[in-house]
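[1] Sequence and predicted structure, then a few things I'm wondering about:
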Amino acid sequence: MSSHASAIPEAFLAKWQNTTNVMAGIFDVPAGLIMRVLPEQIEVLVSSDSEGNPYEADEKAQLNTGLYCETVMATRGLLHVPNALEDEHWRCNPDVALNMISYLGVPLLWPDNEVFGTICVLDSKTRNYQHRYVELLWEIKKSIERDFVLMEQKEQLEASNAELRLSMLQQEAFSLKLAQSNQDLHAALMRLTSLQDELLRSEKMAALGAVVAGISHELNTPIGNSLLAASTLQSRAADFAREMERGLTRSRMQEFVGTVEQGAGILMRSLDQAAKLVGSFKQVADEQAADGRRRFDLGEMVRNVLLELDEAISDSGDRVVCSIGPGIQMDSYPDQLGQVLTQLIANAVQHAFLPGLAGTVTIAAEQDGNGHVAITVRDDGLGIPQDNLARVFDPFFTTRMGKGGSGLGLHIVYKLVTSTLHGSVEVSSAEGAGACFTVTLPMSAPVALRKPDRAPLAPPIL
Ligand SMILES: Nc1ncnc2c1ncn2[C@@H]1O[C@H](COP(=O)(O)OP(=O)(O)OP(=O)(O)O)[C@@H](O)[C@H]1O
Ligand SMILES: [Mg+2]
């Protein structure tokens, strides 16, 4: 045990010194000793301050030399030698050389029963001790052994105190580290936030770039056509002016009027297309004005929309069926909802069916009993390829590029539904099995207290 080797605290040594002094006095001997065994040696740990004592504290003697104490430690029992000179066995022991011819000693044991050493009294004359002296020596031995227990407890206490202090220090270091990593985390978060802001800014710039590119591309055709028509008219007018000086025939004049009419026609159509495009761009860019709110019957409103579209639909040969019965009362914006349905029906007619193969578009509505109605516009046409499904609501996404499609129709639908009408729109489709757009709306549109936030570009897909 490690504590057996450690130094004895001063306080205990002082106490044992007193005990040993008193003991030597009571026994009336020159030497009262507490001996401690060391590896290979034995040391005088405490020696009584009495006259004629030949032993000094810290003195050491070799073991295996036939000392009285060696026998006590080996037998772990009491040894009484009244007079060594009269005893064959003890006559030559080293203490006799110091004239210490009588000995009474008992072993001192650690709490774990390991030998500590001895406690003994020595005298230069023959001594036969009465039994009560022997008992007294045992009591002193027990008292010192109780001190060993205390010593060990103190040592353990100090060790656990040191451990406690160490773990407190570790805790403090850990707290410091934690605070540091919290700081690091905070700094990382700040960096991330600013990075995110930057990303958002650059994403917005990229989106703006795409919009500008889309607008330029769309306006290019009508403006180019207008320019061509105007410059043709200009050069024809110059020719005509020169010919006028030479005199004109009636047929030449008729030809010129025809040219002007044709050029003006091209100009009108192109500029009309450009104006319509600008109108669509405006609708995409501006917050939608939420006006025209009123109560209306949904079925009735849808049938009115179909009447207006009648000509365009019957031209295509397709059928549009409305299965919405009367009685779904709404308090919302019928003009905007009409615009949404017009776009969805026009798309079905334009995109869903192959030329010459008429199809059917069905409009239905279902209330959820919780103040909402889901309006579906379903066709039995070609459907939308999976890859395109996520993009159909993006501005300028069209599969009719250069054939009159601007790709703004569904984006306007999305904006109207999510902002003015406070609803949501989803699309589902399986290729070859038609497409179905579902517009879910509150039957009573909430009153907008503030301008709604701009709608995000990509809506969810079923
Ligand atoms: N019912 C449908 N069936 C198949 N494809 C559809 C249907 N509705 C929309 N699409 C696809 O979604 C694309 C985007 O539609 P959107 O209305 O936004 O633009 P567009 O119709 O092409 O052009 P615009 O509406 O400006 O005339 C279409 O080009 C088409 O590919
Ligand atoms: Mg469209």
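    Everything's here; your move. Numbers count the residues shown, from 1 in each chain. Ligands and ions are numbered 1, 2, ... in the order given.
[2] what pLDDT does whichever residue of the chain sits closest to ligand 2 get?
    Residue of the chain nearest ligand 2, by Cβ to the ion: Gly409 (2.7 Å). Glycine gets a C-beta too; all of them are placed from N, C-alpha and C. Looking at Gly409, its pLDDT reads 93.
[3] gap between the closest residue to it other than its chain neighbours and Gly279?
    In space, and not counting its chain neighbours, Gly409 is closest to Gln343: 4.7 Å by Cβ to Cβ, 6 or more residues apart in numbering. Distance, Gln343 to Gly279, by Cβ to Cβ, to the nearest Å: 14 Å.
[4] And Ser47, by the same measure?
    Taking Cβ to Cβ as the measure, Ser47 falls 118 Å from Gly279.
[5] Comparing these two, which shows the higher neighbour count?
    With neighbours defined as other Cβ atoms under 10 Å, Ser47 and Gly279 compare such that Ser47 has more, 22 against 11.
[6] End to end on stretch 326-343, go ahead and measure it.
    For stretch 326-343, the first and last residues are 23 Å from each other (Cα to Cα, to the nearest Å).
[7] Hmm, Lys125 is touching Ser102, no?
    Yes: taking Cβ atoms under 8 Å as the definition, Lys125 is a contact partner of Ser102 at 6.7 Å.
[8] okay, the two: which has more neighbours?
    Legend: neighbour count by other Cβ under 10 Å for Lys125 and Ser102, higher for Ser102 (23 against 11).
[9] so the more buried one makes contact with Cys120?
    No: Ser102 is beyond contact range of Cys120, at 10.5 Å (criterion: Cβ under 8 Å).
[10] Which single residue in the stretch 101-250 of the chain comes nearest to ligand 1?
    Of all residues in the stretch 101-250 of the chain, Glu218 sits closest to ligand 1, at 8.8 Å by Cβ to the nearest ligand atom.
[11] Can you say which helix or strand has that residue in it?
    helix 131-246 (DSSP states H and E).
[12] For Glu51, which three-state class applies?
    The three-state label given to Glu51 by DSSP: H, G, I helix; E, B strand; the rest coil is coil.
[13] Tell me who's in contact with the closest residue to it other than its chain neighbours.
    Residue nearest to Glu51 in three dimensions, not counting chain neighbours: Pro30, with 6.4 Å by Cβ to Cβ, 6+ apart. Counting by Cβ atoms under 8 Å, 6 or more residues apart in numbering, Pro30 touches 24, 50-54, 122-124.
[14] Redo these as a markdown table? Include pLDDT, distance to ligand 2 and neighbour count.
    Below are the contacts of Pro30 laid out as a markdown table (pLDDT from 0 to 100; distance: Cβ to the ion, whole Å; neighbours: other Cβ atoms under 10 Å):
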| residue | pLDDT | distance to ligand 2 | neighbour count |
| --- | --- | --- | --- |
| Ala24 | 97 | 119 | 23 |
| Ser50 | 95 | 121 | 18 |
| Glu51 | 94 | 125 | 7 |
| Gly52 | 95 | 126 | 11 |
| Asn53 | 97 | 120 | 18 |
| Pro54 | 97 | 122 | 15 |
| Leu122 | 98 | 121 | 28 |
| Asp123 | 97 | 126 | 22 |
| Ser124 | 96 | 129 | 15 |
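[15] Switch those residues over to TSV; also include distance to Phe148.
    Converted to TSV, the contacts of Pro30 look like this (distance: Cβ to Cβ, whole Å):
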residue	distance to Phe148
Ala24	21
Ser50	25
Glu51	30
Gly52	30
Asn53	25
Pro54	27
Leu122	23
Asp123	27
Ser124	31
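[16] quick check, nearest of the residues you listed to Pro326?
    The closest of those to Pro326 turns out to be Ala24 (Cβ to Cβ; 124.5 Å).
[17] Check the spacing between Met301 and Ser323 real quick.
    14 Å.
[18] Who has more neighbours out of these two?
    Neighbours were counted for Met301 and for Ser323 using other Cβ under 10 Å; Met301 has more, 18 against 11.
[19] Find the helix or strand that that one is a member of.
    Using DSSP H and E, Met301 sits in helix 298-316.
[20] Also Leu410?
    helix 409-415.
[21] Run through who's touching that helix.
    280, 283-284, 288, 339-340, 343-344, 346-347, 392-397, 425, 437, 455, 459.
[22] where does the stretch 101-250 of the chain have low pLDDT?
    Confidence mapping of the stretch 101-250 of the chain against pLDDT under 70 gives the ranges 204, 207.
[23] So which residues on this structure come close to ligand 1?
    347-348, 350-352, 379, 381-382, 384, 392, 397-400, 405-411, 435 (Cβ under 6 Å from any ligand atom).
[24] Just those: which are in helices?
    By the criterion of DSSP state H, membership of the residues of the chain next to ligand 1 in helices covers 347, 409-411.
[25] now the helix holding Met301: how far from the chain's centre is it?
    Relative to the centre of its chain, helix 298-316 is centred 53 Å away, using Cα atoms, centre = their mean, to the nearest Å.
[26] for stretch 111-124, same thing?
    The chain centre lies 68 Å from the centre of stretch 111-124; the measure is Cα atoms, centre = their mean.
[27] Stretch 137-148 now?
    Between the centre of stretch 137-148 and the centre of its chain there are 64 Å (Cα atoms, centre = their mean).
[28] contacts for that stretch?
    Stretch 137-148 has contacts (Cβ under 8 Å, 6+ apart) with 12, 15-16, 19, 23, 34, 78, 104-111, 116, 119, 121.
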